[in-house]
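K.L.:
how does the following fold in three dimensions:
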Amino acid sequence: MPMPMPLAFTILALCLSFFPANKGVGRGAPWQAQAQSSTAAQRRRSRPSLHNPNHESTVRNIIQPKFKSNSDALTPGNHTSNVAIIVSSSRYWFNYRHVTNALSIYHLLKRGGITDDNIILMLADDIPCNMRNPFRGQIFPRGARDGEGEDLMENAEIDYSGTDVTVDAFLRVLLGRHLPGEEIGGGGGITMGGGRRSLPKLDENTNVLVYLTGHGGDNFFKFQDGEELMSNDIASVFSQMYELKRYNQILFISDTCQAFTMADEIKVPNVFSVGSSLKGQNSYASHSDTEVGQSVIDRYSKIIKDFVDDAVTLTSSGSLPQNNESPPFDEATVAVMERLNLHDALVRIPMNHGELGPNSQVGHADHLCSRKMSKVPLSDFFAASSTVRESQLDQRQVKSSLWMSESSIVADSRISRQMEDDNAEKECAVDREPAEYLEDAGDVGKRTNVQTSPEGMSPFDPKFLALMAGFLLCINISSRIW
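P.N.:
Modelled structure (predicted):
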């Protein structure tokens, strides 16, 4: 008696249930699903890792078009040198973020080609060597990541620290007044005998960046909770610098609570003023790190750092350097700074892409300047002048010709280029997300591949052939029994 058809179809259905269907692939073959999944994975891997995904559209709209030859490029200023004075005036471990703010700006300047001879770095507390710092000698702007995060103390030269960071020292640096025991160094600046401390040379061709971070209030900025720098002190020292012809243009940035009130009394020409908050507003910390145990950076400084890094990531060609020595500046960073104006970098982007805090706004003033902030490239204050950068490259070429023969330069060029790439990736590449996030993302990708590329049916699959043989054998046996 033949086996009833419903029972035969039931057995066939049980056999076929061992083979999952190709969900989401339609009528395509299994290898098509795998190819589509592989293409999607490659597309995900090819996308750059950004600190803020919203930066991508901004970079494509306001920076990348300026790389075209027919674009309306920003015109650099007529200065011949750059000097920066960076101050973190807060003491104590819980002000970790203020040191990070200052060092973030410091490293942007170094990437722009401004040397330590032209940067005065004043840190009121030795946070990296604080007893409560679990990572001695290191400080991290985006988190420690078990000590593998971006370390801002690497290659940092501090000129004033501890109790030497005072209002008087700050004003003396701007005015070039030295104390007994200090003497004028060979480069025209004033240096301490046997020490790193220096007062760089300023003249009417010097662009000066003044950056303050710490605690403050309405028209005052605190130095170590012991004294205060008032807004009229700032106005007075800038007026004296103007009379002494000690600047071409000044960019004054205050990153503190009620920061913009520090510019209230400024009345001399060619001073750009920026404050991370207005009168009655606060400046807020960005985020905490569980390993460090403190807030690691303020929001305003983080936004500026993150955007420049993301812009470099999106616009860098990744081409190999043509010289056998490490360049004295990061060319990709300088290229971005030359195409990013002051207003966008310091005002518009922090307002549009950053959560500055409840009701916090960035204040700015350029009414006393010969040019608007929107017409001034960031490189005018954050990068060495084109003349200085060209001389740095010329000096490097001369050094190469003196100490290497032509044959050795050719022979070693490939190795040195690779070393330069490795160093650039270590020092100037944008940090990726924490390792735990990358591991989670990798697991998700693997799970996605498993789901979108399931094993499909094939008439030549050994398992399929074995099951079909078993199915036919069951039918034969059943027909004999029935």
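
K.L.:
I85: which element?
P.N.:
strand 81-88 (DSSP states H and E).

K.L.:
now the next helix or strand after that strand against strand 81-88, angle please.
P.N.:
Once the chain leaves strand 81-88, the next helix or strand it forms, by DSSP H and E, is helix 96-111. Counting by axes from the mean of the first three to the mean of the last three C-alpha atoms, to 10 degrees, helix 96-111 lies at 170 degrees to strand 81-88.

K.L.:
pull the CA atoms of the strand holding I85 into PDB?
P.N.:
Extracted as PDB, the C-alpha positions of strand 81-88 are listed here (Å, rounded to 0.1, in the frame of the first residue of the first chain):
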ATOM      1  CA  SER A  81      56.100  85.500  13.000                       C
ATOM      2  CA  ASN A  82      53.700  83.900  15.600                       C
ATOM      3  CA  VAL A  83      53.900  83.900  19.400                       C
ATOM      4  CA  ALA A  84      51.400  82.200  21.800                       C
ATOM      5  CA  ILE A  85      50.900  82.600  25.500                       C
ATOM      6  CA  ILE A  86      48.800  79.700  27.000                       C
ATOM      7  CA  VAL A  87      47.700  79.800  30.600                       C
ATOM      8  CA  SER A  88      46.000  77.200  32.800                       C
END
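
K.L.:
do you know the pLDDT at the closest residue to A332 other than its chain neighbours?
P.N.:
Closest residue to A332 apart from its sequence neighbours, by C-beta to C-beta, 6 or more residues apart in numbering: S316 at 4.1 Å. Using the backbone N, CA and C atoms, a C-beta is placed for each residue, glycine as well. Per-residue confidence at S316 stands at 81 (pLDDT).

K.L.:
run a quick neighbour tally on S316.
P.N.:
If you count neighbours by other C-beta atoms under 10 Å, S316 ends up with 19.

K.L.:
my guess is it contacts D310. True?
P.N.:
No - counting by C-beta atoms under 8 Å, S316 sits too far from D310 to count as a contact (10.8 Å).

K.L.:
quick one: low-confidence parts of this structure?
P.N.:
1-48, 180-198, 317-328, 354, 392-461, 482 (pLDDT under 70).

K.L.:
contact partners of the strand holding I85?
P.N.:
Applying C-beta atoms under 8 Å, 6 or more residues apart in numbering, the contact partners of strand 81-88 are 98-99, 101-102, 105-106, 109, 114, 118-125, 165, 170, 173-174, 200-203, 205-214, 381, 383-385, 388.

K.L.:
of those, buried ones?
P.N.:
98-99, 101-102, 105-106, 109, 114, 118-125, 165, 170, 173-174, 200-202, 206-214, 381, 383-385, 388 (16 or more other C-beta atoms under 10 Å).

K.L.:
now, the residues you listed that are in strands?
P.N.:
119-123, 206-213 (DSSP state E).

K.L.:
would you list these in a markdown table and tack on distance to D264?
P.N.:
Shown next, in a markdown table, are those (distance: C-beta to C-beta, whole Å):
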| residue | distance to D264 |
| --- | --- |
| I119 | 27 |
| I120 | 24 |
| L121 | 27 |
| M122 | 23 |
| L123 | 27 |
| T206 | 25 |
| N207 | 23 |
| V208 | 20 |
| L209 | 20 |
| V210 | 15 |
| Y211 | 18 |
| L212 | 14 |
| T213 | 19 |
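
K.L.:
and of those, the nearest to S273?
P.N.:
Nearest to S273 out of those is V210 (C-beta to C-beta; 9.8 Å).

K.L.:
so what's that closest one up against?
P.N.:
V210 neighbours (C-beta under 8 Å, 6+ apart): 84-85, 174, 250-253.

K.L.:
for these, work out which two are farthest apart.
P.N.:
L174 and I253, at 14.5 Å, using C-beta to C-beta across these.

K.L.:
over to V296. Which of the three states is it?
P.N.:
Following DSSP: H, G, I helix; E, B strand; the rest coil, we place V296 in the strand state.

K.L.:
tally of neighbours for it?
P.N.:
The burial count for V296: 25, using other C-beta under 10 Å.

K.L.:
wait, what's in contact with it?
P.N.:
Residues counted as contacts of V296 (C-beta under 8 Å, 6+ apart) are 96-97, 100, 140-143, 286-289.

K.L.:
tell me which of those fall in strands.
P.N.:
Going by DSSP E, the strands hold 286-289 from the contacts of V296.

K.L.:
most neighbours among the residues you listed, please name it.
P.N.:
Within those, S286 tops the neighbour count with 23 neighbours, counted by other C-beta under 10 Å.

K.L.:
that one reaches K302, doesn't it?
P.N.:
Yes - judged on C-beta under 8 Å, S286 makes contact with K302 at a distance of 4.6 Å.

K.L.:
count the neighbours of L50 for me.
P.N.:
Residues near L50, counting by other C-beta under 10 Å: 20.

K.L.:
look up how far I475 lies from the residue lying closest to it once chain neighbours are set aside.
P.N.:
Using C-beta to C-beta, 6+ apart and skipping the chain neighbours, the partner closest in space to L50 is D310 (4.7 Å). Here the criterion is C-beta to C-beta, to the nearest Å. By it, D310 lies 66 Å from I475.

K.L.:
just F307 next, same as before
P.N.:
70 Å.

K.L.:
looking only at neighbour counts, state which of these two leads.
P.N.:
The neighbour comparison of F307 against I475 (other C-beta under 10 Å) goes to F307, with 26 against 16.
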